[in-house]
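Peer 1: 3D, please:
(2 chains)
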Amino acid sequence: NAGVMQNPRHLVRRRGQEARLRCSPMKGHSHVYWYRQLPEEGLKFMVYLQKENIIDESGMPKERFSAEFPKEGPSILRIQQVVRGDSAAYFCASSHLDGGRGISEQFFGPGTRLTVL
Amino acid sequence: AQKVTQAQTEISVVEKEDVTLDCVYETRDTTYYLFWYKQPPSGELVFLIRRNSFDEQNEISGRYSWNFQKSTSSFNFTITASQVVDSAVYFCALSESRVASGSRLTFGEGTQLTVNP
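Peer 2: Numbers count the residues shown, from 1 in each chain, chains lettered A, B, ... in the order given. The predicted structure follows:
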């Protein structure tokens, strides 16, 4: 019963490069969320996706960041032309629709630690 | 807008002491969900509990207990007889209710708990 999988666990990029972070939700989960945790801070919501749809991207920076959750395969968070301020831990979470209670709790992956040199 | 406040940035206790972590929230929704997550030094996020706004019954799970007071918009977390392994950052989070859909979590800034032997 695998949990939420994220890879890579650690990613180092130089300024100006692209970072691609992957997230495979728990089996049976169709909702994916991305959060960012800057050093010494709490988690901040970025985007919420269902298969092939972006439901809420109100927390995404307007430029350089994009996310997708295709019909097949993992969800991808893509950061173009990374800058030092993008260095953070990026967490993916997944949930399912609990017919009896509405939304279910979100289960988190181990995170990807992005370091921009 | 939603907001979660964890006023205690750091707490340090000696093993076997009881400790309470405070959480105060703000929301305009009448239906919402509250969560606690634990982030140990290894960095992953571990789900601890979810409560909905209809259910003010307090909950106990082993050494953990939660006190939900709607009148004061608080959802406090108590660890009884703390252990060194309880050392972690604890996050309180709030989610609005969306019919037949998921919803993003708004996190507090976290409380760093250190349990000393």
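Peer 1: number of nearby residues for residue 57?
Peer 2: All of this is about chain A. Burial measure for A:E57: 17 neighbouring residues, criterion other CB atoms under 10 Å in any protein chain shown. (Glycine included, C-beta is placed from N, CA and C.)
Peer 1: you answered for a different chain; I wanted chain B.
Peer 2: 8.
Peer 1: quick one: it from B:F68, how far?
Peer 2: Counting by CB to CB, to the nearest Å, the gap between B:Q57 and B:F68 amounts to 8 Å.
Peer 1: right, and A:Q17 touches A:D86 too?
Peer 2: No - in this structure A:Q17 lies outside contact range of A:D86 using CB atoms under 8 Å: 10.4 Å.
Peer 1: looking at the two, which is more packed in?
Peer 2: When A:Q17 is set against A:D86 and neighbours are counted by other CB under 10 Å, the residue ahead is A:D86, at 20 against 14.
Peer 1: ok, the more buried one - contacts?
Peer 2: A:A19, A:I79, A:L114, A:V116 (CB atoms under 8 Å, 6 or more residues apart in numbering or on different chains).
Peer 1: just the pLDDT for it.
Peer 2: As predicted, A:D86 sits at a pLDDT of 96.
Peer 1: what residues are up against the closest residue to B:L48 other than its chain neighbours?
Peer 2: Once flanking residues are discounted, B:L48 sits nearest to B:W36: 4.3 Å by CB to CB, 6 or more residues apart in numbering or on different chains. With contacts defined as CB under 8 Å, 6+ apart, B:W36 is in contact with B:C23, B:L48, B:I49, B:W66, B:F75, B:F77, B:Y90, B:F91, B:C92, B:A93.
Peer 1: strands paired with the helix or strand harbouring B:W36, and their directions?
Peer 2: Using DSSP states H and E, B:W36 sits within strand B:32-39. Taking DSSP bridges as the criterion, strand B:32-39 sits next to strand B:46-52 (antiparallel), strand B:88-96 (antiparallel) in its sheet.
Peer 1: kindly export the last one (C-alpha atoms) in CSV.
Peer 2: So the one you mean is strand B:88-96. Extracted in CSV, the C-alpha atoms of strand B:88-96 (Å, rounded to 0.1, in the frame of the first residue of the first chain):
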residue,chain,number,x,y,z
ALA,B,88,9.1,17.6,15.8
VAL,B,89,7.4,20.5,14.2
TYR,B,90,3.7,20.3,14.6
PHE,B,91,1.4,22.1,12.1
CYS,B,92,-2.3,23.0,12.5
ALA,B,93,-4.2,23.4,9.3
LEU,B,94,-7.6,24.5,8.1
SER,B,95,-9.6,23.5,5.0
GLU,B,96,-12.8,25.0,3.7
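Peer 1: what sits up against that strand?
Peer 2: By CB under 8 Å, 6+ apart, the list of residues contacting strand B:88-96 reads A:42-43, A:103, B:2-4, B:6, B:21, B:23, B:25, B:27, B:29, B:31-41, B:45, B:75, B:77, B:103-108, B:110-113.
Peer 1: any of those buried? List them.
Peer 2: By the neighbour-count criterion of 16 or more other CB atoms under 10 Å in any protein chain shown, those include these buried positions: A:42-43, A:103, B:2, B:4, B:6, B:21, B:23, B:25, B:27, B:32-39, B:45, B:75, B:77, B:103-108, B:110-111, B:113.
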